[in-house]
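Novice: Next input, structure requested:
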Amino acid sequence: EVNTLSTLTGFSTKKRGIYEIYNSSEAWDQLQKGNGSLTYLKKTDNDILDFDYVPMNVSAYEIYSISLKYYESPALQEYLEPIYVFTGGAILKDNTKADFVMYLPAIKRI
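Specialist: Residues are numbered from 1 along each chain as shown. I've put the predicted structure just below:
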């Protein structure tokens, strides 16, 4: 089964390659170095329909799951890109809790 975060733009299945990817521990290390994207951070007790942006300072992250998925860009692209998706909880500096999602490209760049 291919697990794809998709925008349905289409991609090529004719060209393929073999690339070295991070293991999950290396991927987490890369995120801690700032190489990735925090795509979601919302206080756990907030209403899901509350879209007001409130700056938050995180003191610690707790990972609940790590998935290897494929990202498809909204623009036409030649390849699907493997990414790690980290989900979990965060402890904020005010001692409240938040939920988070982070993405990291899985392919090691030389």
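
Novice: Report the mean per-residue pLDDT for stretch 101-110.
Specialist: In this model, stretch 101-110 has a mean pLDDT of 91.

Novice: low pLDDT regions in the protein?
Specialist: Within the chain, the segments meeting pLDDT under 70 span 1-15, 47-54.

Novice: for it, what spans make up the strands?
Specialist: With DSSP state E, the ranges of strands along the chain come out as 4-5, 37-43, 58-71, 81-92, 97-105.

Novice: Please save the CA atoms from the longest one in CSV.
Specialist: The C-alpha trace of strand 58-71 is given here as CSV (Å, rounded to 0.1, in the frame of the first residue of the first chain):
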residue,chain,number,x,y,z
VAL,A,58,7.6,24.6,23.3
SER,A,59,9.8,23.2,26.1
ALA,A,60,9.5,19.5,25.1
TYR,A,61,8.1,17.2,22.5
GLU,A,62,6.7,13.7,23.0
ILE,A,63,6.4,11.6,19.8
TYR,A,64,3.3,9.4,19.5
SER,A,65,3.8,8.1,16.0
ILE,A,66,6.3,8.2,13.1
SER,A,67,5.1,7.4,9.6
LEU,A,68,7.0,7.2,6.3
LYS,A,69,4.7,8.6,3.6
TYR,A,70,4.9,10.2,0.2
TYR,A,71,4.3,13.9,-0.4
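
Novice: name the helices or strands packed onto that strand?
Specialist: The contact analysis (3 or more C-beta pairs under 8 Å, 6 or more residues apart in numbering; DSSP states H and E) places strand 58-71 against strand 4-5, helix 24-32, strand 81-92, strand 97-105. (C-beta placed from N, C-alpha, C; glycine too.)

Novice: Would you indicate which residues of that strand are buried?
Specialist: Neighbour counts over strand 58-71 (16 or more other C-beta atoms under 10 Å) mark 61, 66, 69-71 as buried.

Novice: Please apply the same query to stretch 102-110.
Specialist: Using 16+ other C-beta under 10 Å as the test for burial, stretch 102-110 gives 102-106.

Novice: that older thread, how about the strands of the chain in CSV, adding distance to Ser25?
Specialist: As requested, the strands of the chain are arranged in CSV below (distance: least, C-beta to C-beta, whole Å):
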stretch, distance to Ser25
strand 4-5, 22
strand 37-43, 19
strand 58-71, 10
strand 81-92, 11
strand 97-105, 12
